[in-house]
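Student: Sequence plus predicted model, see below.
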Amino acid sequence: MAKRSTANISGTPAWLVWSGIGLGILLVLYLTFEFGRIQAGYSMTDAMHERDALSQQIAALETTIEAQKEQIALLQTHRDIDKAAYRDVEASLGKLQRKIQEQREAIAFYRGIISPADGGRGLRVQDLKLAKGSEEGRYSLRLVLVQVKQHDRSVKGEVDVTFDGEQDGVAKTYTLAELMPASENSKWPFSFRYFQNFDRDLLLPTGFQPERINIEVKSRTKSVASLKQSFPWESSRS
């Protein structure tokens, strides 16, 4: 049997011939495809130009987006600054209003000492305040005594305080000593020319509902009369 020939007449290897034929077929197919696209109105050059134009538009939009982000960040910063400035102004205004109120109260206080509205003179209870403490039944009592329209001498004496109310539904009166913590001195002496502040801590017994505070200012100074005055418990609470 004769051997199969591995070369053509010109001596070219068969695989090379078949490779050339395959490449030729691929080239024909590609050219046919491109011809079809050209016939359909497609242009590679136009496509490349369009791609470049789109790339430029994308780059421009990205630049615009970055600029917008920077603008937003700047506006947010301005907003935060404005808010902080507003808070500062509001806080300063609040402090100023409180200071003005304090000054008004101080003016009214001293006016009451020098020239009271009723034209009276002698000892007065200028202020009485109750502030609830952190523990149940505990209160802070603040009393301000003044001497009005007679300041040529100091007035001396002592204060006596009692508390009227109900203890488990029954009428009951407590003295200051009975309601003060055992560690504190219940005596309440005073000596002043114009005014004096007093602060005392109270501890109410369980079941006691206070209704009235009775203040007796006992003067030990001649020509200065003593004073008795009662205040509702609720109206004295702050």
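Tutor: Yes, it's here.
Student: I'd guessed residue 122 sits against residue 221; true?
Tutor: No: applying C-beta atoms under 8 Å, one finds residue 122 not in contact with residue 221, separated by 10.1 Å. Glycine gets a C-beta too; all of them are placed from N, C-alpha and C.
Student: neighbours around residue 167, how many?
Tutor: Neighbours of residue 167 under the rule other C-beta atoms under 10 Å: 15.
Student: hang on, isn't it packed against residue 207?
Tutor: Yes: counting by C-beta under 8 Å, a contact exists between residue 167 and residue 207, whose distance comes to 5.8 Å.
Student: Check the gap between the residue positioned nearest the centre of the chain and residue 22 for me.
Tutor: The structure's the chain has its C-alpha centroid closest to residue 87; by C-alpha atoms, centre = their mean the separation is 9.9 Å. When distances are taken as C-beta to C-beta, to the nearest Å, residue 87 and residue 22 turn out to be 80 Å apart.
Student: Just the mean pLDDT for stretch 180-195, thanks.
Tutor: Stretch 180-195 comes out with an average pLDDT of 82.
Student: got the CA positions of it in PDB?
Tutor: In PDB, the C-alpha atoms belonging to stretch 180-195 read as follows (Å, rounded to 0.1, in the frame of the first residue of the first chain):
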ATOM      1  CA  MET A 180     -35.500  69.900 111.000                       C
ATOM      2  CA  PRO A 181     -32.900  67.100 110.800                       C
ATOM      3  CA  ALA A 182     -31.500  66.200 114.200                       C
ATOM      4  CA  SER A 183     -28.000  67.300 113.200                       C
ATOM      5  CA  GLU A 184     -29.000  70.900 112.600                       C
ATOM      6  CA  ASN A 185     -29.600  73.800 115.100                       C
ATOM      7  CA  SER A 186     -33.300  74.700 115.100                       C
ATOM      8  CA  LYS A 187     -32.700  78.100 116.700                       C
ATOM      9  CA  TRP A 188     -33.200  81.000 114.300                       C
ATOM     10  CA  PRO A 189     -31.700  84.300 115.600                       C
ATOM     11  CA  PHE A 190     -31.300  87.300 113.500                       C
ATOM     12  CA  SER A 191     -29.400  90.600 113.500                       C
ATOM     13  CA  PHE A 192     -29.400  93.000 110.600                       C
ATOM     14  CA  ARG A 193     -29.800  96.600 109.500                       C
ATOM     15  CA  TYR A 194     -31.300  96.300 106.100                       C
ATOM     16  CA  PHE A 195     -32.100  92.600 105.300                       C
END
